[in-house]
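Trainee: after the sequence you'll find the predicted model.
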Amino acid sequence: DGGITQSPKYLFRKEGQNVTLSCEQNLNHDAMYWYRQDPGQGLRLIYYSQIVNDFQKGDIAEGYSVSREKKESFPLTVTSAQKNPTAFYLCASSGPGGHGYTFGSGTRLTVV
Amino acid sequence: GQSLEQPSEVTAVEGAIVQINCTYQTSGFYGLSWYQQHDGGAPTFLSYNALDGLEETGRFSSFLSRSDSYGYLLLQELQMKDSASYFCAVGDTGRRALTFGSGTRLQVQP
């Protein structure tokens, strides 16, 4: 079955560390997205990519970086510059039209 | 930029009908979507409106009025499993990525 795989499911980061969250899709979707969700809150856009080798900043890109070297993969790096990284991170993709997103199961990142 | 407003919580009883409203502001409207998210889970796509009117998908319907920058999600014959958070999201022609509202937590009571 096609879908989006995020790993790891849980991630613990020490102060000052960079960590990378994986997102892989086999839906043949061109567009991919990263969102952050804090408890009881909505989803905030970090980065998005409409095509391979191209990506744009969202509303809260500071302290994060991404790459899009392959259509299937859109990893997110949470750098030490992100002062409050503890959150639920969701990766999504969309096909033509761009409105029906398919989400991965998410990664819960905790700073220890 | 874009902004959306929706109620934070709604409570209803099993078998009833509930409406979740959403108002939005965007410079280049490109459709209103609705997503469901159960606690600890990922959002799942429910419906999409690009044009004015009602879209029906089983027990769920979604309505859009572009002149009023307003939409709603209607859930009929509520079931306990419908207890979840519901998010409206707006697309924008200037930025091809959805902006989500803060979500409405629906509690269905027996």
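Mentor: Arrived safely. The shown structure was predicted, so the numbers you read here are calculated from the model rather than taken from an experiment.
Trainee: can you name the residues in contact with stretch A:15-27?
Mentor: Residues from elsewhere that reach stretch A:15-27, judged by CB atoms under 8 Å, 6 or more residues apart in numbering or on different chains: A:2-8, A:11, A:13, A:32, A:34, A:72-80, A:89, A:91, A:93, A:95, A:102, A:104, A:107, A:109, A:111. The way it works is simple: take the backbone N, C-alpha and C, and place the C-beta from them, glycine included.
Trainee: tell me which residue is most central in chain A.
Mentor: Nearest to the geometric centre of chain A sits A:W34, at 3.2 Å (CA atoms, centre = their mean).
Trainee: the host helix or strand of it packs against which elements?
Mentor: Assigned by DSSP states H and E, A:W34 belongs to strand A:31-37. Judged by 3 or more CB pairs under 8 Å, 6 or more residues apart in numbering or on different chains; DSSP states H and E, strand A:31-37 is in contact with strand A:19-25, strand A:43-51, strand A:87-94.
Trainee: adding mean pLDDT and mean neighbour count, write these out as JSON lines.
Mentor: As requested, the helices and strands packed on strand A:31-37 are exported to JSON lines (pLDDT from 0 to 100; neighbours: other CB atoms under 10 Å in any protein chain shown):
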{"stretch": "strand A:19-25", "mean pLDDT": "97", "mean neighbour count": "19"}
{"stretch": "strand A:43-51", "mean pLDDT": "97", "mean neighbour count": "21"}
{"stretch": "strand A:87-94", "mean pLDDT": "97", "mean neighbour count": "24"}
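Trainee: related to what we said a few turns ago, so the residue nearest to the centre of chain A makes contact with A:F55?
Mentor: No: using CB atoms under 8 Å, A:W34 is not in contact with A:F55; the gap is 9.4 Å.
Trainee: that older thread, can you select the buried ones among the contacts of stretch A:15-27 for me in ChimeraX?
Mentor: Remark: buried members of those, expressed as a ChimeraX selection using 16 or more other CB atoms under 10 Å in any protein chain shown:
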select /A:4,6,11,13,32,34,72,74,75,76,78,89,91,93,102,104,107,109,111
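Trainee: near chain A, which residues of chain B? Just list them.
Mentor: B:1, B:30-31, B:33, B:35, B:41-45, B:48, B:50, B:87, B:89, B:91, B:95-103 (CB under 8 Å from any CB of the partner chain).
Trainee: and if we set it to 7 Å?
Mentor: By the rule CB under 7 Å from any CB of the partner chain, the part of chain B lying against chain A is B:31, B:33, B:42-43, B:45, B:48, B:87, B:91, B:96-103.
Trainee: how about the nearest residue to residue 47, chain neighbours excluded?
Mentor: Picking chain A for this. Nearest residue to A:Y47, sequence neighbours excluded (CB to CB, 6 or more residues apart in numbering or on different chains): A:V66, at 4.5 Å.
Trainee: um, chain B though
Mentor: B:S62 (4.1 Å).
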